[in-house]
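*Asks:* The following comprises the amino acid sequence and a computationally predicted model.
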Amino acid sequence: MNSLASQMCPCGSGLRTVRCCGLNTAALPPADSVRHLVPLVERAMQAHKQGATETAERLCLDVLEMAPDRPGALSVLFEIRRAQGNHTAAEALLRRVVAFDPNNFPATNELALMMMGKGNLGEAEVHARNAIRIAPQNPQAHNLMGMIMTEAQRPRIGEYHYRQVLELSGVRDPILIANLAWNLKNQGRMEEARTLYEESIAAAPEIKQTLMGWARLEEADRAFDAANEKLDKMDSLWPDDAGVMMTRSVVLGRQKRNDEALAMLDAVAAKSPDGKLGANELLERGRLLDRMGRYDEAFADFLEGKRIARELSGHVYLEDAATGLANRLRNFFSAGRLRTLPRASVRTDVPQPIFVLGFPRSGTTLVEQTLTAHPRIDAGDELPLINDITNIMPRMLNSPMAYPEALAELWMGDQREGLDNLRDWYLQKVEQMGILTPDSAWFTDKMPLNETHLGLISLMFPEAPLIHVIRHPLDIMVSAISNHFTHGFFCASALETAARHYVTVMDLVQHYRAEMALRYVPIRYEEMVDDQESTVRAMLDFVGEPFDEKCLAFHENRRYARTASYAQVTEKLYDRSRFRYRHYRKQLEPVIPILQPVIERLGYTVD
Amino acid sequence: MEPIPEPKAANAGIMVPVPLGELFTLAAECERAGKLEQADSLLGHMLQANPNQPDTLHLAGIVAFRRGRHEEALAKMEKAIEFGVDTALYLRNICEVYRTLGRLDEALTTATQAVRLSPNDPLCLHNLAIIQYERLEIDDSIATAERALLMNPQLPGAHFELAEALLLQGKWERGWDEYEWRFQIASAAPLMPKTDKPQWDGTAFADDTLLLIADQGFGDVIQFSRYIPWVAERCPNIAVACAAEVAPLLEQIHPGLRIFQKWDDVPPYRAFAALSGLPRLHGTRVDNVPASVPYLFAKPDKVAVWRDRLDRLTPRGFKRVGIVWAGRPTHNNDRRRSSTLAAYAPLFNLPRVALVSLQKGPSTDQTGKYFGRAPLINVGTEIQDYDDTMAIMDCLDVIVTVDTSVGHLAAAMGRPAWVMLATAPDWRWLLERSDTPWYPTMRLFRQTVARQWSDVLDRVAAGLRERFAEEAPPALAAPTRARRTRAAVT
């Protein structure tokens, strides 16, 4: 026997590699030839149920050595490994169960949950959809879809599935009610959410997640007393709970009671086993310290928070993927080629998009809140649709190639209307999301970094206003390092990679603008802060809507922005965050050379 | 000529020593023959061996200059003068480098020194005359050119310089005659293949073909094509040789023109004339320029397409200002006449104005770096031909451009064309005036400081504000509030 054949699988399943992650599915024995193993699988299940784990494990390993595709044995072994905390093996085994037994509802359900837990919402969605296909009347399947869609910032679709659960189950489960409340809170439907929390707490008064969600709702709705009331209750039920203290610190911070907020975080740290804060807490404390003018400490917290987040999530900037895509876009979208490509026609029967473009943390939320205070402009928030289109394009255009090369199909006689189809897909999804209100003419799409796809957007929506929010790149960096976001190939996992991705995208924007005629206008965050009215007037002029006073009082716009900026846009326009980088000159030194060309191009200086 | 020895031959093993004097002769031959790369390489070696040899430095400077490395050329030539022997020659050449770099004071000093050291060299005077023209010392320039012609009456460059100065002063009658010398300049592109047919003298004939040649830049073609109807009254059978780009324009000027784009296709003819020579034959003076516009028109179907497209791309109710900031980079005066998009900054904050870039060529990429307030619509990349340009201009309120063919085209269409000129402009724009006898709808904005565009664009911006304020419809009832919403600092 050679060494490869005897090697144990590195995933830790206890199986040999050739029977586990290195399995050759073509060489599997026919199901009939291993039928005599069925009793062994049944015994394994029995043993597992009775708590005889060692026996169950031994039986599973024996069965899988001979028949590595037996779902029953795989399922039992998966449960054993998961209970042991061996997540790598558990995931590998569960994936194999789903692969060999695609109609296995519990396993599919489990895998979707697992992916959601890891933050891999894309894959979670795939399995959740399968779960619904397997069991369209199963409330749990809809519950799963509801949770994933809520997390993926498509709360309207999530709401639909949560309501399916209510209908199919015929009971008003308090946890489900709380989940639906959280969903509605994310849609800014605060009153409805509050009513549901009340119902949920009445039925099950002591669920921590429910009370926490309610407290966060009140915090987001600026009802700080109500938030504190919930937190007080939690304190009495679960004294010294880190999550409660963290939320309390956030509430204190929003009330500008910075010292108390800081003390609360220090108490959280003191309670943790190693005396340290986690990634999110560190970023929160850094932001507090920043507001208090303790900049060196703040930046140290930011860096440490990012370091821990990198370590835990394994997310690092996917630079090769990012630059590879940028190069392909640059090659594809050239003036010569653009002359030969068709453009989608413009629909006049439905509201049209306004694209608010910009790097995350550049002020896109502020611009969107301002615009959508206008009675004729609805808020779409961060719509994932352009990204979705880049993924489904090969299918939509029947192309063997990926985006952007798939656009070459537009030269084919049967795909001349391909762009109209993509446009309609986008508009239909918007419709489904429930963004649109009766009298609106426009809706916003402020997905950050949509400027990466400026070429595609202008082919699909040749008339759509493109508002690019520009801000001092070093200020963006300070904001990127002090907040968590995953946009842009995880570039914000470290300071330097955020800078590099920013430059990649800005160079791409420069390319698009040199190669094609766009309805594009840059809006400077700093000018917005300096002279709000004329900037707002300029934006509305550009869009083609009359000025409306409401846009100046956007902080009274009760709509809740889901993104990290929400706490800022509910304050009146302030200039604390303008040229904030000056406090961090020393810490930003490594990225200044990277950003210098763009800083100059945008007409900023470093001082 | 013998093959050039390659001193850098890496694998040769032995290097045959060549006396430096011989190498210099070789390098000079290469320079004269236009083999600049070889000359460069030879001179580089010679300078390694003998870094202060003035003739080598001077020749290396000339080669660097001809290859576009102007700063390096200047450094080499300055060093040549420092160690120099034949200083008059060095000075005669270095003054041209200074002029190209816009250092007109040093250009004048060195050119004057060259004349003093070598008073019998008409080429020194010729170079001085060019510098004086560029310094806008036109009387001096005329006097200098005339002195050069006293020494050598057959010096075409001096005649041409004299022509430009006279024409710029509005002394067109004498100017046109001197202007005829342009075809004799050695470095000038030949007007046409060799011919034994005479140049047309303006005499009418109906029984044979007259060949017109659409010479010089496209702007000149647009400007001087206005004489074609006048020619047709004298010689109805006209064939025109022209570049493909301007053929559609000439077709509009006079129905029945026979237009050719290849010399082989040109039919037999009795006489020929360059379009740029027609003002002389016509006897054009500043006060009798035939200038009825429009004489060029956008095609209605093209206009419909572009109007629709611009309506989509431009915010509603915004004025549209077409802009062009650079000419063809191969134009010999391009450094003086071309600007940059960044220099148009005074236009970036005009309220309710959209800038429509008609820029073509390598300067187009500057649109990617534009972050001004006024929306900028880069249609330049979509322009295929002059039909597109005309259709777009038909949809614009004003066209602001440096001295390129776009200004001529807009003005020939009777559109408001605002042309920005270098301190010493092309002769056709005359001196000081802000209008031009050539085009009634054209407005000229002149540089006051050489190569400085900022104040010119300030004046353009002020002009646009004024124009749009006049055109603005009576203000609607909506009162604007005086209060400025400064952010609350919390």
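*Replies:* Sure thing, it's come through. Residues are numbered from 1 along each chain as shown, chains lettered A, B, ... in the order given.
*Asks:* Tell me the bridge partners for B:N378.
*Replies:* Per DSSP bridges, the residues bridged to B:N378 are B:S357.
*Asks:* Pick out the residue nearest the middle of chain A.
*Replies:* Among the residues of chain A, the one closest to the centroid is A:A152, at 5.4 Å (C-alpha atoms, centre = their mean).
*Asks:* so that residue makes contact with A:E125?
*Replies:* Yes: in this structure, A:A152 is within contact of A:E125 by C-beta atoms under 8 Å, at 6.7 Å. Where C-beta positions appear, they are placed from N, C-alpha and C, glycine not excepted.
*Asks:* Show me what residue of chain B gets nearest to chain A.
*Replies:* In chain B, no residue comes nearer to chain A than B:G368, which is 3.4 Å away by C-beta to the nearest C-beta.
*Asks:* can you tell me how far that residue sits from B:S276?
*Replies:* In this view, B:G368 and B:S276 are 37 Å apart by C-beta to C-beta, to the nearest Å.
*Asks:* again with A:T210
*Replies:* Distance from A:T210 to B:S276, by C-beta to C-beta: 87 Å.
*Asks:* again with B:P255
*Replies:* The gap separating B:P255 from B:S276 is 23 Å, by C-beta to C-beta.
*Asks:* Same check on A:E159?
*Replies:* Distance from A:E159 to B:S276, counting by C-beta to C-beta: 75 Å.
*Asks:* Can you pull the poorly scored residue ranges out of chain B?
*Replies:* Scanning chain B for pLDDT under 70 picks out B:1-18, B:85-86, B:472-490.
*Asks:* Tell me where it has strands.
*Replies:* Taking DSSP state E as the test, the strands found in chain B are B:210-213, B:238-241, B:258-260, B:271-274, B:319-324, B:353-357, B:376-378, B:398-402, B:417-421, B:442-446.
*Asks:* Quick check: which helices or strands does the third one pack against?
*Replies:* What it means is strand B:258-260. The contact analysis (3 or more C-beta pairs under 8 Å, 6 or more residues apart in numbering or on different chains; DSSP states H and E) places strand B:258-260 against strand B:238-241, helix B:247-253.
*Asks:* Just send those back as a markdown table, with mean neighbour count and distance to B:R459 too.
*Replies:* Formatted as a markdown table, the helices and strands packed on strand B:258-260 follow (neighbours: other C-beta atoms under 10 Å in any protein chain shown; distance: least, C-beta to C-beta, whole Å):
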| stretch | mean neighbour count | distance to B:R459 |
| --- | --- | --- |
| strand B:238-241 | 22 | 38 |
| helix B:247-253 | 18 | 30 |
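*Asks:* Can you add distance to A:W214 and give the ones you listed back as CSV?
*Replies:* What follows is the helices and strands packed on strand B:258-260, written out as CSV (distance: least, C-beta to C-beta, whole Å):
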stretch, distance to A:W214
strand B:238-241, 84
helix B:247-253, 73
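*Asks:* right, and these - which one's nearest A:A202?
*Replies:* Nearest to A:A202 among the helices and strands packed on strand B:258-260 is helix B:247-253 (80.7 Å), distances taken as C-beta to C-beta.
*Asks:* Not counting its own residues, what contacts that closest one?
*Replies:* Contacts with helix B:247-253, where a contact means C-beta atoms under 8 Å, 6 or more residues apart in numbering or on different chains, come from B:214, B:221-222, B:225-226, B:228-229, B:240, B:242, B:257, B:259, B:261, B:295-297, B:385-387, B:409.
*Asks:* change it to 7 Å
*Replies:* Helix B:247-253 has contacts (C-beta atoms under 7 Å, 6 or more residues apart in numbering or on different chains) with B:214, B:222, B:225, B:228, B:240, B:242, B:257, B:259, B:261, B:295-297, B:386-387.
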